[in-house]
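K.L.:
Return atomic coordinates for the entry below.
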Amino acid sequence: MSGTTETRARLGGARALAGLLLPGTAQIVRGQWAAGLASVTLWVALITTAVWRRGRLIDAWTAGWDQRLAAAGLLAGLAAVWMWGWWSARREASARAGTGRLHQMARALAADPTALAGIWVVGAICLVALLAPLISPFDPNVQGSLVAERFLPPSRAHLLGTDNLARDVFSRLLYGARVSLTIGLLAVAVSVTIGTLVGAVAGYLGGWVDAVVMRIVDTFLAFPRLVLLITIVALFDPGTLLVVAVLGLTLWPSTARLVRAEVLALRRRDFILAAEALGFSRRRVVFGHLVPNALGPIIVAATLGIGDTIVLEAGLSFLGLGVQAPTASWGSMVDAGRANLLGAWWIATFPGLAIVGTVLAFNLVGDGLRDALDPRFRA
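P.N.:
Residues are numbered from 1 along each chain as shown. Okay, the predicted model is just below:
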């Protein structure tokens with residue numbers, strides 16, 4: 001027994017040392033290929049970026065807020081990957097396997113290759129968007145020579161070519177990811193917050209409150225969404241904050257209906273009746289018991305809603321009612337290349353592919369979360 005214990009201690013020390021030197025190697029040795037390869041790939045990518053752009057990384061601390069944010073994100077990513085590799089290397093998989101809901105969800109996601117692919121793509125896009133000031137070869141808004149550098153095809157100097165104003169398409173694609181993802185995340189956060197509050201209150205109180213709230217929701221859902229968005233945006237000066245507010249304030253009804261249905265199913269459960277019998281206030285019952293137990297469908301709806309929001313933002317920018325020039329967004333880039341689809345196909349093709357890939361990745365993650373959180377789908 002002592003020999004076996006000593007051998008296990010040595011193996012644990014070796015794994016911890018491997019995790020210190022190269023995060024992810026310990027997981028690979030233990031057979032956790034997905035987590036190990038993800039850690040190694042991310043660590044190598046971040047180290048390569050730090051070495052490759054060391055000049056920008058040093059200068060970022062005296063530059064604008066976006067450069068400082070990118071530098072801080074790079075250092076935080078390195079620290080997080082290193083800490084994860086070290087912590088995971090020191091623990092035994094069987095000792096921390098866990099049977100809780102969070103562990104079951106993680107194992108279900110790990111067993112779903114499409115969900116893992118979506119998580120990888122989403123993580124890569126978010127990381128690239130965060131580090132755009134460090135990895136973009138050119139300023140996205142700087143125009144080159146309209147005579148010599150306009151409509152250049154993809155090459156070593158310009159990986160994805162240049163547009164009609166001689167701007168680098170690759171750099172604008174990176175910065176456009178920041179705009180599109182930020183609008184998508186913020187708008188979904190606003191819509192999910194409002195929809196959760198409205199749906200939870202309507203479902204729990206019931207009666208005339210539920211009837212009035214649901215009729216208001218039905219009224220919002222009756223309007224064509226795109227026409228409503230175009231009308232609201234056209235009445236004001238288009239901008240990023242306006243697009244976030246408009247999308248967030250018009251997408252909440254679907255979340256409200258989902259949360260209401262979930263609350264109606266939960267309100268007569270034993271733990272809710274026990275909370276009411278103990279004299280808990282309505283606010284505590286709703287926000288302390290009902291909403292936490294309805295988080296599964298809310299998380300899935302939010303994940304799927306991000307993809308829909310990105311498409312809507314791209315459509316508004318394509319129509320000239322979204323983010324305004326010279327700020328890069330994927331929709332405005334597609335609009336810029338619309339008139340030159342044959343002669344300069346790269347201007348609209350690459351941002352279009354970015355929109356399709358991002359939306360598909362978020363939908364894959366949403367489907368994976370739905371399967372992991374709902375026991376009926378796991379079965």
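K.L.:
Let me see the mean pLDDT of stretch 344-352.
P.N.:
Averaged across stretch 344-352, the pLDDT comes to 88.
K.L.:
In that stretch, which residues are buried?
P.N.:
344, 346-352 (16 or more other C-beta atoms under 10 Å). From N, CA and C alone the C-beta is placed, and that goes for glycine too.
K.L.:
How about stretch 150-166?
P.N.:
In terms of neighbour count (16+ other C-beta under 10 Å), stretch 150-166 has its buried residues at 150-152, 158, 160-163, 165-166.
K.L.:
can you redo those as TSV with distance to Ala328?
P.N.:
What follows is those, written out as TSV (distance: C-beta to C-beta, whole Å):
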residue	distance to Ala328
Arg150	17
Phe151	17
Leu152	17
His158	15
Leu160	12
Gly161	15
Thr162	13
Asp163	10
Leu165	11
Ala166	14
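K.L.:
where's Leu134, which helix or strand?
P.N.:
Assigned by DSSP states H and E, Leu134 falls within helix 132-135.
K.L.:
Tell me which residue lies nearest the centroid of this structure.
P.N.:
Centroid check for the chain by C-alpha atoms, centre = their mean gives Val122 as the closest residue, at 6.0 Å.
K.L.:
Work out the gap between the helix or strand that contains it and the centre of the chain.
P.N.:
Using DSSP H and E, Val122 sits in helix 113-130. Here helix 113-130 is found 8 Å from its chain centre; the criterion is C-alpha atoms, centre = their mean, to the nearest Å.
K.L.:
Same question for stretch 235-244.
P.N.:
22 Å.
K.L.:
residue contacts, Gln143?
P.N.:
Contacts for Gln143 (C-beta atoms under 8 Å, 6 or more residues apart in numbering) come out as 165-167.
K.L.:
Which residues are in contact with Ile125?
P.N.:
Counting by C-beta under 8 Å, 6+ apart, the residues that Ile125 touches are 177, 181, 357-358, 361.
K.L.:
what about Leu205, how many residues close to it?
P.N.:
Residues lying near Leu205 (other C-beta atoms under 10 Å) number 15.
K.L.:
can you pull the contacts of it?
P.N.:
Per C-beta under 8 Å, 6+ apart, neighbours of Leu205: Arg282.
K.L.:
dump the residue contacts of the nearest residue to Ile119 once chain neighbours are set aside.
P.N.:
Among residues not flanking Ile119 along the chain, Val365 sits closest, at 5.7 Å (C-beta to C-beta, 6 or more residues apart in numbering). Residues in contact with Val365 (C-beta under 8 Å, 6+ apart) are 115, 118-119, 122, 303.
K.L.:
Output the helix holding Val122 as CSV, restricted to C-alpha atoms.
P.N.:
Extracted C-alpha coordinates of helix 113-130, given in CSV (Å, rounded to 0.1, in the frame of the first residue of the first chain):
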residue,chain,number,x,y,z
PRO,A,113,-18.7,16.9,-30.4
THR,A,114,-20.9,19.5,-32.1
ALA,A,115,-21.3,21.5,-28.9
LEU,A,116,-17.5,21.3,-28.3
ALA,A,117,-16.9,22.6,-31.8
GLY,A,118,-19.2,25.5,-31.2
ILE,A,119,-17.5,26.3,-27.9
TRP,A,120,-14.1,26.3,-29.6
VAL,A,121,-15.3,28.6,-32.4
VAL,A,122,-17.1,31.0,-30.0
GLY,A,123,-14.1,31.1,-27.7
ALA,A,124,-11.7,31.7,-30.6
ILE,A,125,-13.9,34.5,-32.1
CYS,A,126,-14.2,36.2,-28.7
LEU,A,127,-10.4,36.0,-28.1
VAL,A,128,-9.6,37.4,-31.5
ALA,A,129,-12.1,40.2,-31.0
LEU,A,130,-10.5,41.1,-27.6
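K.L.:
average model confidence for that helix?
P.N.:
The model assigns helix 113-130 a mean pLDDT of 85.
K.L.:
Also stretch 278-288?
P.N.:
In this model, stretch 278-288 has an average pLDDT of 82.
K.L.:
Under the pLDDT cut-off, which ranges of this protein? List them.
P.N.:
1-21, 26, 30-35, 85-106, 110, 374-379 (pLDDT under 70).
K.L.:
re the thing from before, out of the buried residues of stretch 344-352, who's nearest Arg225?
P.N.:
Gly352 (21.3 Å; C-beta to C-beta).
K.L.:
quick one, what contacts the nearest residue to Val121 once chain neighbours are set aside?
P.N.:
Leaving aside its sequence neighbours, Val121 sits nearest to Ala361 (C-beta to C-beta, 6+ apart; 3.7 Å). Counting by C-beta under 8 Å, 6+ apart, Ala361 touches 117-118, 121-122, 125.
K.L.:
Need phi/psi at Ala361.
P.N.:
phi -60, psi -40 (degrees, to the nearest 10).
K.L.:
next one: Pro153
P.N.:
The phi/psi pair for Pro153 (degrees, to the nearest 10) is phi -70, psi 170.
K.L.:
check contacts around it.
P.N.:
Pro153 touches 161, 344, 346, counting by C-beta under 8 Å, 6+ apart.
K.L.:
go with 7 Å
P.N.:
161, 346 (C-beta atoms under 7 Å, 6 or more residues apart in numbering).
K.L.:
how close does it sit to Phe350?
P.N.:
Note on Pro153: its distance to Phe350, by C-beta to C-beta, to the nearest Å, is 12 Å.
K.L.:
Then Arg167?
P.N.:
Relative to Phe350, and taking C-beta to C-beta, Arg167 is found at 13 Å.
K.L.:
any common contacting residues for the two?
P.N.:
Joint contacts of Arg167 and Phe350 (C-beta under 7 Å, 6+ apart) do not exist.
K.L.:
Walk me through the domains of the protein.
P.N.:
2-97, 169-378 (automatic domain parsing).
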